[in-house]
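K.L.:
3D, please:
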Amino acid sequence: MLRVVKVRLYPDAQQQQSLAQAFGNCRWLWNYFLNLMNETYKETGKGLSGYEVKKIIPQLKKEHEWLSLTYSQCLQQVCLNLGVAFNNFFEKRTKYPKFKSRHGKQSIQYPQNVKIADYDLNHNLS
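P.N.:
All right, here's what the predicted structure looks like:
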């Protein structure tokens, strides 16, 4: 059974900067891979899966060192989400995936290893 906890955070200035960096890196990666998938389809007639593009992340981190500032599983989750977006499009559940903008809602996912200090079992921050 999967368990999800949504928590409202009030980050300090340094944490805000780290989150802004993570939002920007994940948005850049989404747009990069969406463009790569579009170009690959135009050239070969075949698309790429989320798992195939996920294998490219280590090379991108070498080319763009600032990607290493973001937790690796957040970047991997972007690839999986893009794969799901394409699956949903091909199964006619939604529209074609769009490029992301810095304006509007920003989100990232931390699938593991997240700890919130002073978090009790009643989901109240002390």
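K.L.:
need the contact list for the residue nearest to the spatial centre of the chain.
P.N.:
The chain has Val78 as the residue nearest its centroid, 3.0 Å off, counting by C-alpha atoms, centre = their mean. Contact partners of Val78, counting by C-beta atoms under 8 Å, 6 or more residues apart in numbering, are Cys26, Leu29, Trp30, Phe33. For the C-beta atoms, the positions are set from N, CA and C on the backbone; glycine is no exception.
K.L.:
quick one: residues contacting Ser107.
P.N.:
Neighbours of Ser107 in contact, by C-beta under 8 Å, 6+ apart: Phe23.
K.L.:
surely Phe89 meets Lys98?
P.N.:
No. Distance between Phe89 and Lys98: 10.6 Å, which falls outside the contact criterion (C-beta atoms under 8 Å).
K.L.:
between those two, tell me which one has more neighbours.
P.N.:
Phe89 (13 against 10; other C-beta atoms under 10 Å).
K.L.:
what's the first helix or strand after the lowest-mean-pLDDT helix or strand in the chain?
P.N.:
Least confident helix or strand of the chain, by mean pLDDT, DSSP states H and E, is helix 50-54 with a mean of 82. Note on helix 50-54: by DSSP states H and E, the next helix or strand toward the C-terminus is helix 57-63.
K.L.:
among the contacts of Val78, who's most crowded?
P.N.:
Busiest of the contacts of Val78 [other C-beta under 10 Å] is Leu29, holding 25 neighbours.
K.L.:
okay, and that residue sits in which element?
P.N.:
Counting by DSSP H and E, Leu29 is part of helix 13-44.
K.L.:
what's the mean pLDDT across that helix?
P.N.:
Mean pLDDT, helix 13-44: 90.
K.L.:
show me what counts as buried in that helix.
P.N.:
22-23, 25-34, 37 (16 or more other C-beta atoms under 10 Å).
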